[in-house]
Every structure is written in structure tokens, then in C-alpha cells.
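Student: give me a model of this one.
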Amino acid sequence: MRSDEPCQIASEHDTTEYKHRILYSELEAANALNRKLMRQLKQAQAAAAEASRAHAKMVATLTETMRENTALTTERDLWKARAMRQPSLSETYLHISHLLGIDDVTEEEVRVIRKAIARLHHPDTGGDAERMKAWNVALDRLDI
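Tutor: Numbering: from 1, shown residues only. The predicted model follows:
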């Protein structure tokens, strides 16, 4: 053997070990990057899942709101149609004796009805002034 061979073998061994350390450190760096990317992926997936849940909830809320809005619009239109067909309050109360199914009303009965109506509709008790006026007109006609 030549005298430079052991040195060359040692040098090749050092070079191989050096390359091995470099490859090992690159592998560790790649594994660290892989773990970091996996964490980012999990976070992105969680954010996407949350966005999907929020979207589904918003769609459900909007659907329910539209259903309620449609129902309320339909009910409003129904009440408008009924209001257009109904006579006014004063026209209704002109014929109160016919509505009550009585022909003759005594003064005492008119007084009792007036008090009951006042408790319900007088503006001082939170009632509607126009409705109270209409009742008074109708009850005044019964007094005659």
C-alpha cells in the first residue's frame, strides 16, 4: 500500500460523512417545512370549514327571512283586500242595533254600552280617538 492511500480513504470517509450530515440537515429542514405547511393547511381547512358553516347559516337565515317576508306580504295584502271591502266604522255603527240583533235599546243599556266602549276605546285609557267618536255617533243615534 502506498502511503497516501490511508489518507485518501480517510478523506473519502470524511467527505461521505460530510455529505451525509448535509443531506441529514436538508432532510430535517424539509421535514420542518413539511410540518409548517401541514399546520398552515390545517388552519386553511379550518377557516374554509368555518366559512362554509357561516355561508350555510346565512343562506338558511336569508331563506327563512324571505319565507317570513312572503308570508307577511301575503297577510298584508289579504288585510288590505278585506279593508277595501269593509264599510267604514261610522257606516258600521249607524246600524249597530242590527249588528247587535236588537231592535229597541233602553237608555240604561245604551249607558252601559257607552261606559264599556269608553273603557276600551277612550283616548285617556290608550284607545283610539276616532274609534271612540264613531261609537259615540252610533250610540247617540240609539238614544234618539
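Student: which SS state does Val105 fall under?
Tutor: coil (DSSP: H, G, I helix; E, B strand; the rest coil).
Student: let me know the pLDDT of it.
Tutor: Note on Val105: pLDDT of 70.
Student: how many other residues sit next to it?
Tutor: Per other CB atoms under 10 Å, the neighbour tally for Val105 reads 16. For glycine as for every other residue, the C-beta is placed from the backbone atoms N, C-alpha and C.
Student: care to break the chain down by domain?
Tutor: For the chain, the structural domains run 1-86, 87-144, going by automatic domain parsing.
Student: pick the most buried one from the ones you listed.
Tutor: domain 87-144 (a mean of 13; mean count of other CB atoms under 10 Å).
Student: about what we covered before: between the domains of the chain, which gets the lowest average pLDDT?
Tutor: Confidence, taken as mean pLDDT, is least for domain 87-144 of these (a mean of 73).
Student: what about the helix or strand hosting Ala47, distance to the chain center?
Tutor: Using DSSP states H and E, Ala47 sits within helix 5-85. Using CA atoms, centre = their mean, to the nearest Å, the mean C-alpha position of helix 5-85 is found 27 Å from that of the whole chain.
Student: in this protein, which residue is most central in space?
Tutor: In the chain, the residue lying closest to the centroid (CA atoms, centre = their mean) is Thr61, at 5.1 Å.
Student: done for today, thanks.
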